[in-house]
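K.L.:
my questions concern the predicted model and sequence given below.
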Amino acid sequence: MTALDSPPLRTDRPRSGFGSALGRVPTSLWVAYGLTLACLILLGVSTSDGFNPDRLLRILSNAAPLGVVAIAQTIVIINRGLDLSVGPVMNSAAILTAVLSAAPGASLATTVPLVVLMGAAIGLVNGVLLAFTRIPPLLGTLATATIIGGVNALVTRGQPRGIVPDELRVLADGRLFGTPFSASLVIWIVLLVIVGLILTGTVAGRRFKAVGANPRASWLSGVPVRRHTLVAYTASGTLAAMAGILLIAYSGSPSLTAGDSYALNSVVAAVIGGAALAGGTGGMVGTFAGVAALAFLTTVLNSFNIPSPVQFIVNGGVLIGMLLINGRLSARRGAR
Amino acid sequence: MSQPALTCQHVSKSFGATRAVVDVDVTLNRGEILALVGENGAGKSTLMNMLSGLLSPDTGSITIADPPEGGRAVSMVHQELSLFANLTVAENLSLGDGDTTHRSERAKRDVARSTLAGLGVDIDVDATVGDLTVGQRQLLEVAKAIAVTPTLLILDEPTSSLENPQVELLFAAVRRLSAAGTAVVFVSHRMDELFELCDRVLVMRDGRQVDEGPLADRTRDQLVASMVGREASDLYPSREARGDEKDAAGPAAVELVDVSLEGSLSSVDLRVTAGSITAIAGLEGHGQSEVAEVVAGVRTPTSGTLRRAGRPVRLRSPRHAVRSGIGYVAPDRRLDGLLLDQSISANALLAAMPRLFPSGIVGPRRARQIAQRVVSHLAVKHAALTQPIVELSGGNQQKVLIGRWLVDDGLEVLVLNDPTRGVDVGSRAQIYQSIRELTERGVAVLLVSTDLQEILGLSDEVYVMYSGRITGRLDSRTATETAVMHLATGGTAVV
Amino acid sequence: MSSATRAFRPQALSTTSLRALSRAKFLWILALAVIVIASIALPAFRSTVSVNSLLASLAPIVLIAVGQGIVVMWGGIDLSVGAIAGLATVVLSLSPVLPGGAAVAVPLVLIAGLVVGLANGSGVIAGINPLLMTFAASGVVQGFALLLQSTPGAGIPLPLLTVLGTSLGAVPLFALIALVVLVAAWAWMGQSRAGRYVQAVGYDQRIATRLGFPVRRSALLVYGLSGVFASLGGMAIASRTYTADALVGASSVIDSIATVLVAGIVITGGIGSLLSILPAAVIIAVVGQVITLTGTDTYYQTIFKGVLLIAAMGVYGLADRGLKIPWRLRPKDKDAAPAQTRSEPAR
Amino acid sequence: TDGASETPAADGTYVIGYDSYFVGNTWSAQLEAEFTAATKRDADQISDVIMTQSDNDAQKQISNVQSMIARNVDAIIVTPISPEGIVPVLQQASAAGIDVILNASGAETDDYTSYVNVDDESFGATGAEWLVDKLGGSGRIIAINGIAGIPTSDLRYAGAQAVFDENPGIEVVSTIDGGWDQATTKTAVEAVLAANPDIDGVWSQGGSMTLGAIEAFEAAGVPLVPMTGEDSNGLLKKWQSLVAAGETGFDCIAVAKPTWISAQSLENALAALSGTEVTKDDILDPEVITSENLTEFVRDDLPDSLWVNTRMTDDEITALFG
Ligand SMILES: Nc1ncnc2c1ncn2[C@@H]1O[C@H](COP(=O)(O)OP(=O)(O)OP(=O)(O)O)[C@@H](O)[C@H]1O
Ligand SMILES: Nc1ncnc2c1ncn2[C@@H]1O[C@H](COP(=O)(O)OP(=O)(O)OP(=O)(O)O)[C@@H](O)[C@H]1O
Ligand SMILES: [Mg+2]
Ligand SMILES: [Mg+2]
């Protein structure tokens, strides 16, 4: 029984139906999927068997590490944060995975949980740092990124060691039970769906978005604000560690630097997908498009034999163009 | 005086599908004071923003006469405050007066002091704006706007958090300006104020101009009728439904015993009875808000006890308060209430979710139904439930914020701090009705308001505060404004 | 709120006022202290070579940090300073193949910085998040610089280097330029109308817009200045490294942000004093120099950098308790105070 | 260690300054490790070692070298990040009477005592010649570089390009920046293969990029082709296993820029200090590993990240790799 059981004073039901539902899809999603489609078409027409689904799936599968770390970044961005430490965490995860796998009697069943746990622990440290002080996330995580990078170099003395077991490599290169899907693609999509469902379909997830949109208002409505920040960064560290594992599954060797570029690229993917750095907006549907667009775009640039300086320019230009269109379209709605 | 101060011809403005202002035509001579009235979302602020140049009209033209020597064409007090909270009063005035050349600190303070003195208010020019009360901030905003003797002065709900003496100061200043030839547009949802100050009236409904002419020719009820498009009903719900014995002996939902809060409250004793509306009256800044915040768990008292349903509790944060069935509507909706870019549903569901969906899973269908109930019941003017709440007009946003608690089954105490700020007459009646219905369910309501008529009209029992203390407790049905003001200014109880 | 934290609350926009300076008092003291301690403990630190080296490495970072500081005061951030500095070194090296030689190359360097800065500003005005706008721009600029870098016949001519690399005693030319730029920017920010607009926007862009302040123009201004100063910083680097290197500025992005933060300029904008960049840069550089001179294990140096950053932010975090920035990185609605600190019994 | 040792050594022991240009990849890390190992072997001649780290930042390197001059070391071993930029400080050092050894990278000056290196252009050319030979002078190839703008990467490609230009039958279908990173290379090569499945050879600067290329071929299901590479143990292992598996399309050459250059630099420094004549430009030919001598170099017992051309003893290697 609620207070609103008495007959309503006025009923003006808003328009409903498919058309208006479509009209309410955030403009950023249109832009993100538009760009993805454009890249896809470009990719398709530029090469002989461009639309070969097997190839497209492969491109997506190769993007799984970015995909997973983009989930992490999106979660943090929704919380009004930013996590620049995901890159070094991916490196740490890769290094640790290789070391643990070299230990006698090692198996993935023990290695993977340990590595993921380490990621969670680093994330928790970030979370504590940012939830309990006024350090801005950009700088706090930049600092932890520097420290983690230093620790990685210190413990390996520049020489990551260990082995990457074949069972792990199969995740990236193999096909799952004869389907055209690789395990890493499936892992990425499953994580995407799980996080997406939590964010949109649970009390905790919806409140998580509220905290990002307005922490004060959420706090006054009884939402534990700090706890959500802790959860955000812990989740980010955890997912970054998983991304690190997927990365060495793909590359086959641990490295001190391979993850570094993922920090900013994941932000870019999330933002293309409609996450706003001001917090509260963004989601898995958009982030998927952001990652896919980036993956297709890189593939196009690579297959056209475009020199890397020009690739820099094109990448930057596309990003600016995207953000511009996005900004223009949403500005039309006006801000109050 | 030949050329009108403002000529506004066939002005229209749309936001996407929303036609906020449709074909408005108005001329205002120098020295005239125009009342602009209309329901929430009628398009008043949009029109004002176009007059001030913040928004540009889609069609139509706006002409404003040249300002006098050294003056400005338009100055505006916005509905939402536009002050830099981290800066001092003097800095804010210095930044806002258009003359932004560098001045020495002392010169800034001198100018600020004389500006404030011009309005007749006493605010420390070295105070940080963030430390001022909402009322003081609103006065500061007004002082900033009138300091420049503009051709056109726009006041968009400048009195929504002022109390009578402050309103009088404002009116005196506006009359002085109008005598000097400034044309004024005044927006308010308080009818009495309009009749006191204005010469003419423009009524808007759904973006259109529905009535325009001298105010003296119209009655309050006529205005309300043309605003809402139907006959005006009683603003306050009747209290007769409740038996008298119930209110005398009802159980205390919340009780404050000897509660003090460093710097603002000293030994406050207060009882909020289940199933009735308890109000706290007083001049702004005398501790009413703090009492509300203590009950809502926003602040923890330095000493004293808080009893919830008879048991002493420590509310360390709003979360603990919410858990024990206490909800809170804070006065500053943008900062403390709204998830600006999120949908109306997200805003409506924020507080009640854990109790509405005990499993933790939110069914989209049910969520939509609940949000739909909020908007239908409170007649929130909106385009779709998925519309970002920032697109609603101020009053409609406020309705959603209150609705947020109305859908909470577990609510036992509702603390309302200035709940109808900026809400139009018609909607206010709906909100009052809903609050009354809550009490019939046994919910206890604690009401803090700057509007004394609202307190006397709505509540069952009123406490009066002065300087952080309770100076009296009256029965609202018999209390008079004079009696309350007497207590609120430090006099002792007559009852 | 205790009175100790109250002292840190900004009371005025005039960052040139004594009060604003006193906020960074401890920075100056600390900077002096590290210099004194280092020169007593390490004789090598006092040598001319070491002093010259320290000043020469300070010059670019101060120049770039001033630009970054102006942008941060406005409420933005500039990740493209590194790429701009790299571009500057490359454009300088084009002087042998440019029609007007060095006389054209030097102004061209500054113009290039200005153009990139204005582009950044325009992007930000168009509603692109500053972080992403400048990140994207830095990719574009770096790409261009790399393309230009391979221009045949290019190279920084020695006479030009001799001029740029002039030292007055142990003091390099660019150290002087950096000092002049720093003081000028500081005075401008506190004293000029444009500077006050910049700070007002940094405090709260929405309100500044409502008050009719030239928010857009100030965006162009701050990013333009940042571009020009980054170009100057690039020239300072070239005066030392003698090389056209598109990638040479990579580390200055992080370093300039760190310096600005240690200087106490609040990342959300509006608060701080550009002058404090000097002690902040000195502290970071001297500590770095000491680490180098004592031969600390190279692997610890990066870790130390991160710890320093957190420590600096921690100190300000504590000191700024009194600052009422209600929630971090909060671009909207900074205009009202937290409920907690509201009304005290009136009068 | 703050200055007590800063007098010229009368007892025949010296203070050596070593600037590590980078420690972020396995080659640079092993370069430093190789130097450290060498100092242990020559401990009797060394009273102190001062190590700095430049993080691949030319400016920082200048400061670091200047700090060594300020500390009056006897010899400085440095890997110039910028060949021009290092010149003024080298002049300062020689003015201060300090011996300078350029370690694995040159400088645009004569002001140094000795320069030990493998020429990067001939490094690039060596692989290119082998590949051209292997393809019989014509074919479509992919070229994989490190990072545009970094001298090593640019020089190696310049060397290779000169060879390709002389052989008009060679068509460079695509040049890729692999960033010396296996994953990046793998993704990029996969993209190229999708557009051009008929590739005849791969010229790679080395590092782990050749491995990335091999994996890309395998993943795309394209038959392997001859590829050039560097002497990383990971590549050699993979190569060996391919040979063992009877793979015929694949062949490889591992050109080496040995990490023991730093050890040689130390030798030269100590020699110069004790008054022995040293070769001013000690330019070594790149070491080459082909399928003939592959088995002599590959180390199955050691990690992938080892660079097999090392002077470190097995014990030292084991210590390094734990
Ligand atoms: N409106 C506000 N003004 C000032 N500070 C606030 C405000 N809202 C929240 N805070 C601060 O943020 C902190 C975090 O909120 P909260 O305590 O609800 O999170 P939590 O620690 O996860 O929950 P709990 O401690 O109840 O388990 C609060 O303790 C409070 O100090
Ligand atoms: N930026 C915007 N985007 C979309 N719709 C808007 C925007 N601004 C206003 N509207 C819509 O325009 C209409 C008029 O709004 P306006 O703010 O002018 O009302 P108002 O008369 O000032 O109401 P109130 O009395 O509540 O302040 C409303 O329906 C509102 O939802
Ligand atoms: Mg708490
Ligand atoms: Mg309004």
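P.N.:
On my side now, so go ahead. Numbers count the residues shown, from 1 in each chain, chains lettered A, B, ... in the order given. Ligands and ions are numbered 1, 2, ... in the order given.
K.L.:
how many neighbours does the closest residue to ligand 4 within chain B have?
P.N.:
Residue nearest to ligand 4 within chain B (Cβ to the ion): B:S45, separated by 3.0 Å. Backbone N, C-alpha and C define where each C-beta goes, glycine included. Burial of B:S45 is recorded as 26 neighbouring residues (other Cβ atoms under 10 Å in any protein chain shown).
K.L.:
hmm, the helix or strand hosting it touching ligand 2?
P.N.:
According to DSSP states H and E, B:S45 maps onto helix B:44-51. Yes: under the criterion of Cβ under 6 Å from any ligand atom, ligand 2 is reached by helix B:44-51 at B:K44, B:S45, B:T46.
K.L.:
low pLDDT regions in the chain?
P.N.:
Chain wasn't specified; assuming chain A. Counting by pLDDT under 70, chain A contains low-confidence residues at A:1-24, A:329-336.
K.L.:
the intended chain is chain B.
P.N.:
For chain B, residues meeting the criterion pLDDT under 70 lie at B:1-2, B:68-71, B:96-104, B:230-233, B:239-249, B:491-495.
K.L.:
grab the most central residue of it for me.
P.N.:
Nearest residue to the geometric centre of chain B (Cα atoms, centre = their mean): B:R421, 1.9 Å.
K.L.:
quick one: contacts of the helix or strand hosting B:G60?
P.N.:
Using DSSP H and E, B:G60 sits in strand B:59-64. Residues outside strand B:59-64 that contact it (Cβ atoms under 8 Å, 6 or more residues apart in numbering or on different chains): B:5-12, B:23-24, B:50-51, B:73-74, B:151-152.
K.L.:
how about 10 Å then?
P.N.:
If you take Cβ atoms under 10 Å, 6 or more residues apart in numbering or on different chains as the criterion, strand B:59-64 is touched by B:3-14, B:21-28, B:47, B:50-53, B:56, B:73-74, B:150-152, B:183.
K.L.:
can you tell me which of those residues are buried?
P.N.:
B:4-6, B:8, B:11-13, B:21-22, B:24, B:26, B:28, B:47, B:50-52, B:73-74, B:150-152, B:183 (16 or more other Cβ atoms under 10 Å in any protein chain shown).
K.L.:
from these, which ones fall inside strands?
P.N.:
B:6, B:8, B:11-13, B:21-22, B:24, B:26, B:28, B:74, B:152, B:183 (DSSP state E).
K.L.:
and these, which is closest to ligand 2?
P.N.:
Closest approach between these and ligand 2, by Cβ to the nearest ligand atom: B:V21, at 7.2 Å.
K.L.:
what residues are up against that closest one?
P.N.:
Contacts of B:V21 (Cβ under 10 Å, 6+ apart): B:11-15, B:42-50, B:55, B:57-58, B:60, B:204, B:206-209.
K.L.:
same question, C:D245
P.N.:
Per Cβ under 10 Å, 6+ apart, neighbours of C:D245: C:85-86, C:89-90, C:93, C:145-146, C:149, C:234, C:237-238, D:58, D:81-82, D:84-85, D:149-151.
K.L.:
before we move on, the earlier item: how about a markdown table for the ones in strands among the buried ones among the contacts of strand B:59-64, with distance to D:V222 added?
P.N.:
Below are these laid out as a markdown table (distance: Cβ to Cβ, whole Å):
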| residue | distance to D:V222 |
| --- | --- |
| B:L6 | 76 |
| B:C8 | 72 |
| B:V11 | 68 |
| B:S12 | 64 |
| B:K13 | 62 |
| B:V21 | 65 |
| B:V22 | 66 |
| B:V24 | 71 |
| B:V26 | 76 |
| B:L28 | 79 |
| B:V74 | 71 |
| B:L152 | 75 |
| B:A183 | 80 |
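K.L.:
out of those, who's nearest chain D?
P.N.:
Nearest to chain D, judged by Cβ to the nearest Cβ, of these is B:K13 at 50.0 Å.
K.L.:
geometric centre of chain D: which residue is closest?
P.N.:
Most central in chain D (Cα atoms, centre = their mean) works out to D:K257, at 4.4 Å.
K.L.:
from chain A, how far out is that residue?
P.N.:
To chain A, D:K257 is 17 Å away according to Cβ to the nearest Cβ, to the nearest Å.
K.L.:
can you report phi and psi for that residue?
P.N.:
Per-residue torsions, D:K257: phi -110, psi 100 (degrees, to the nearest 10).
K.L.:
tell me where the stretch 151-300 of chain A has helices.
P.N.:
A:166-173, A:183-201, A:203-213, A:215-220, A:225-251, A:262-272, A:284-303 (DSSP state H, counting those that start in this stretch).
K.L.:
and C:F26, which of those is closest to it?
P.N.:
helix A:225-251 (29.4 Å; Cβ to Cβ).
K.L.:
buried set for the closest one?
P.N.:
So, applying 16+ other Cβ under 10 Å, buried residues of helix A:225-251: A:225, A:228-251.
K.L.:
what's the answer for stretch A:113-131, then?
P.N.:
For stretch A:113-131, the neighbour count (16+ other Cβ under 10 Å) marks A:115-116, A:118-120, A:122-127, A:129-131 as buried.
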